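Visitor: Sequence and computational prediction follow.
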Amino acid sequence: MKWSSITAVATGLVGTAAAQAESVPYTDAETGIAFQQYPSTDGIQFRVALPETIEPGQPYDVILQIEAPKSLGWVGWAWAGQMTYNPLTILWPNGDQVMHSSRMAFGYSPPSAYPDATYQILKGTGITGDTMKFTALCKGCSSWTDFTGEPFTVDASQEARFAYAFSANPVATPSDNTSTFSIHDSVGHWYHDLPAAKSASFDEWVAKNTVAGNGTGAAGINVNAGLGVAGLRRAPLRFMERVRRDLGADVGTRLEERRKETRAVAML
Ligand code: HEM
């Protein structure tokens, strides 16, 4: 093949990848934050803003915002585009409050609490009319330990495949962020343009939208406050250590089974 053809193919591939992104620019009037937003066909908006500089393979913070009808029982965002083995950001209404809960699922069953993603609530969180909105700085949404036990980081240099799920059924105890809830009515996947979500204003947006009284209460936020970057890098590994301890020697077998299942699905 001639170089010109190779270049054309390569350009075509890049074009295809870029065309996959389903997010669009959106500036939130309440916070002034310029997000990349995925407007799902279910009337739920998923938004992300990122720091301008992200080192390849290194954890990074994200500002996320979810806007959804308050009539929903719960809404979830899956950070690797799948139900299992990735941080799940779950929201639900509780009167005039928006509750959030950090979870991870280890199978197609109710997800467990996941303490290694922490959320600092920002302005732009609450219920107005028929809409619930959640805005937060998340540490631990972009990197975690995957099902093979290896560190995984969402690649911010290209589109990322995310997933969501929601249910119209209320959670069992809305005032408790460890509440149980039942299976989704629907799930969806999308490609988010992460390079376009980066901004030099990231830190300024966090500072400007930080609200007083953050870090306490039933929402259980900031459980890892003060870890810093080094602590953040260690946090997902500590979580997997706890999982291994809880599951005992059996965890290796389970992880291997899961790996085989995933390979089998990938080959279909
Ligand atoms: C009680 C809680 C939950 C139960 C019992 C449950 C159960 C299931 C089951 C059985 C499937 C497989 C469906 C099929 O293959 O036809 C599935 C798929 C899925 N679930 Fe859940 N789920 C729950 C919560 C969640 C949450 C909180 C999320 C967060 C976003 C989520 C995201 C997904 C996604 C994206 C799929 C599609 C398959 C995949 O990408 O892994 N689920 N769930």
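Guide: Happy to help now that I have it. Numbering: from 1, shown residues only.
Visitor: Tell me where the stretch 1-150 of the chain is predicted with low confidence.
Guide: Along the stretch 1-150 of the chain, the model assigns pLDDT under 70 to residues 1-19.
Visitor: Can you name the residues of it that neighbour the ligand?
Guide: Gly76, Ala78, Gln82, Met83, Thr84, Leu88, Ile90, Tyr108, Ser109, Pro110, Pro111 (CB under 6 Å from any ligand atom). In this view, the C-beta of every residue, glycine as well, is placed from N, C-alpha and C.
Visitor: can you rerun that using 8 Å?
Guide: 74, 76-78, 81-84, 88, 90, 103, 105, 108-111 (CB under 8 Å from any ligand atom).
Visitor: Show me the helices in the stretch 151-268 of the chain, by range?
Guide: Using DSSP state H, counting those that start in this stretch, the helices of the stretch 151-268 of the chain run over 202-209, 228-247, 250-267.
Visitor: Which stretches in the stretch 1-150 of the chain count as strands?
Guide: Assigned strands in the stretch 1-150 of the chain, in chain order: 24-27, 34-39, 45-51, 62-69, 74-78, 88-94, 97-104, 112-113, 118-121, 126-128, 131-139, 143-145 (criterion: DSSP state E, counting those that start in this stretch).
Visitor: so which of those strands gets nearest Ser175?
Guide: strand 88-94 (5.3 Å; CB to CB).
Visitor: Would you mind writing the CA trace of the closest one as PDB?
Guide: Output of strand 88-94 as PDB, limited to C-alpha atoms (Å, rounded to 0.1, in the frame of the first residue of the first chain):
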ATOM      1  CA  LEU A  88     -20.800   3.800  39.800                       C
ATOM      2  CA  THR A  89     -22.100   7.200  40.700                       C
ATOM      3  CA  ILE A  90     -25.700   6.800  41.900                       C
ATOM      4  CA  LEU A  91     -28.200   9.600  42.600                       C
ATOM      5  CA  TRP A  92     -31.700   9.700  43.900                       C
ATOM      6  CA  PRO A  93     -34.200  12.300  45.200                       C
ATOM      7  CA  ASN A  94     -34.900  12.500  49.000                       C
END
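Visitor: Spatially central residue for the protein, please.
Guide: Centroid check for the chain by CA atoms, centre = their mean gives Trp79 as the closest residue, at 3.8 Å.
Visitor: Mind putting the strands of the stretch 1-150 of the chain into TSV with mean neighbour count and distance to Ala172?
Guide: What follows is the strands of the stretch 1-150 of the chain, written out as TSV (neighbours: other CB atoms under 10 Å; distance: least, CB to CB, whole Å):
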stretch	mean neighbour count	distance to Ala172
strand 24-27	13	33
strand 34-39	22	29
strand 45-51	23	25
strand 62-69	23	19
strand 74-78	24	10
strand 88-94	24	10
strand 97-104	22	12
strand 112-113	14	15
strand 118-121	23	21
strand 126-128	14	20
strand 131-139	23	18
strand 143-145	23	26
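Visitor: Rebuild those strands as CSV, extending it with distance to Asp176.
Guide: Shown next, in CSV, are the strands of the stretch 1-150 of the chain (distance: least, CB to CB, whole Å):
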stretch, distance to Asp176
strand 24-27, 32
strand 34-39, 29
strand 45-51, 24
strand 62-69, 20
strand 74-78, 13
strand 88-94, 9
strand 97-104, 8
strand 112-113, 11
strand 118-121, 16
strand 126-128, 18
strand 131-139, 17
strand 143-145, 24
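Visitor: circling back to that earlier point, ok, now which ones touch the residue nearest to the centre of the chain?
Guide: By CB atoms under 8 Å, 6 or more residues apart in numbering, the contact set of Trp79 is Asn86, Pro87, Leu88, Thr89, Cys141, Ser142, Trp144, Val154, Phe162.
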